[in-house]
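In: Sequence first, predicted coordinates after that:
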Amino acid sequence: MNSQLKLDAPWEQVKEKLKEVNYDLTDEDLVYNPGQAQPLLERLAKKMNKTPEAIKAWIESVSSNKGKAS
């Protein structure tokens, strides 16, 4: 799996949108260093009981949504 995130918005904006949708997510859960997406994907996959691929698709979808996260 290519674990590089393709974000259409700055990470800080994406992070806030993700927290709007999932109130259980914390800033600690959403620690992301550009170029090192795999730890983020694995952490969220475990917490949300989803695959890393599903988490990646969700994050990229939220980042491309200019309004509220869905």
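Out: On my side now, so go ahead.
In: Can you pull out the low-pLDDT segments for the chain?
Out: Residues of the chain that meet the criterion pLDDT under 70 lie in 1-2, 66-70.
In: For the most centrally placed residue in the chain, give me its contacts.
Out: Residue closest to the average C-alpha location in the chain (C-alpha atoms, centre = their mean): I59, at 3.8 Å. Taking C-beta atoms under 8 Å, 6 or more residues apart in numbering, we find I59 in contact with L5, L7, V14, L18, L44. (C-beta placed from N, C-alpha, C; glycine too.)
In: secondary structure element for the third one?
Out: So that's V14. helix 11-21 (DSSP states H and E).
In: Mind listing what's buried along that helix?
Out: Residues of helix 11-21 classed as buried by neighbour count (16 or more other C-beta atoms under 10 Å): W11, V14, K15, K17, L18, K19.
In: and what of stretch 26-43?
Out: The neighbour-count check on stretch 26-43 (16+ other C-beta under 10 Å) flags D29, L30, Y32, A37, L40, L41, R43 as buried.
In: Sort out for me which of those are in helices.
Out: If you go by DSSP state H, those have A37, L40, L41, R43 in helices.
In: Spatially nearest residue to the second one (excluding sequence neighbours)?
Out: Taking C-beta to C-beta, 6 or more residues apart in numbering as the measure, L40 lies nearest to Y32, with 4.7 Å between them; neighbours along the chain are not counted.
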